[in-house]
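1. Structure for the following, please:
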Amino acid sequence: MTYYVLRLYSGSGDRAPEQLLREVVMNEALPLLRQAGGLRRYMTFIPDQGGIGSASVYDNKEAAQKGLRIAREWVQNTKAAQGYQLSFAAEGEIIRVIEGAAQNEEVRFGAVRVYHTPASPEQVADVIASRQPQGGREGLVRTAVVDLGGGCVATFSGYTSEQAQQEHDNVIQQHRSEAGNPTKDVLPNDPEQFFVRVASVEGNM
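-> Okay, here's the model as predicted:
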């Protein structure tokens with residue numbers, strides 16, 4: 001089953017974050033990950049709260065773990081990454097990919113939402129899919145629902161614009177505030193979340 005890996009680094013370096021991601025990470029780290037095999041998609045991004053990050057999709061967990069080892073070694077050995085420290089990490093099997101109305105367009109912004117839930121990952125995926133309007137949500141490229149284990153399920157959503165990102169977040173908040181919302185049995189708590197601006201993307205889901 002396809003496997004998702006997310007890494008977020010806080011701090012700063014001697015290069016602008018976008019320059020570091022586009023000119024160094026994509027030219028130096030990405031070729032090493034490709035050579036290791038199993039990498040389907042690789043994305044770099046800049047979180048709203050600062051720092052840098054990456055998201056990867058692999059054929060399976062074994063390929064992902066190999067890629068993680070290579071990435072860690074590269075971060076430790078390159079001077080370009082000095083000043084950054086790993087601050088958030090998430091990984092797990094992709095349970096479902098929900099396509100939006102903009103599924104053939106480029107991802108420019110993203111949102112990560114981590115839910116703590118007693119429900120199964122499949123139940124979470126069903127609830128999230130049921131919220132989508134017929135034909136998919138405007139400005140949403142896709143949402144990957146990922147089983148992080150330990151009662152945690154994450155969604156990773158890509159958007160064509162910051163406006164689409166914000167509008168979807170408003171819809172989620174409004175839906176959660178509705179009285180008698182039946183989905184609260186599945187998603188009883190507000191998610192831990194952060195928003196990002198995409199710097200570069202290579203590959204497909």
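2. starting at the chain centroid, how far to stretch 137-156?
-> Taking Cα atoms, centre = their mean, to the nearest Å, one finds the center of stretch 137-156 at 8 Å from the center of the full chain.
3. if you average pLDDT over it, what comes out?
-> Throughout stretch 137-156, pLDDT has a mean value of 97.
4. For it, list every residue counted as buried.
-> Within stretch 137-156, the residues that count as buried by 16 or more other Cβ atoms under 10 Å are 137, 139-148, 152-156. Yep, even glycine has a C-beta here, placed from its N, CA and C like the rest.
5. before we move on, what about stretch 77-93?
-> With burial defined by 16+ other Cβ under 10 Å, the residues of stretch 77-93 counted as buried are A80, A81, Y84, F88, A90, E91, G92, E93.
6. Out of those residues, which sit inside strands?
-> Among the buried residues of stretch 77-93, the members falling in strands (DSSP state E) are Y84, F88, A90, E91, G92, E93.
7. quick one, helices of this structure?
-> All helices of the chain, identified by DSSP state H, fall at 17-19, 30-36, 61-77, 121-130, 162-177.
8. Burial-wise, tell me which of those comes out on top.
-> With neighbours defined as mean count of other Cβ atoms under 10 Å, those peak in mean count at helix 121-130, which reaches a mean of 18.
9. how far away is G203 from S157?
-> The gap separating G203 from S157 is 18 Å, by Cβ to Cβ, to the nearest Å.
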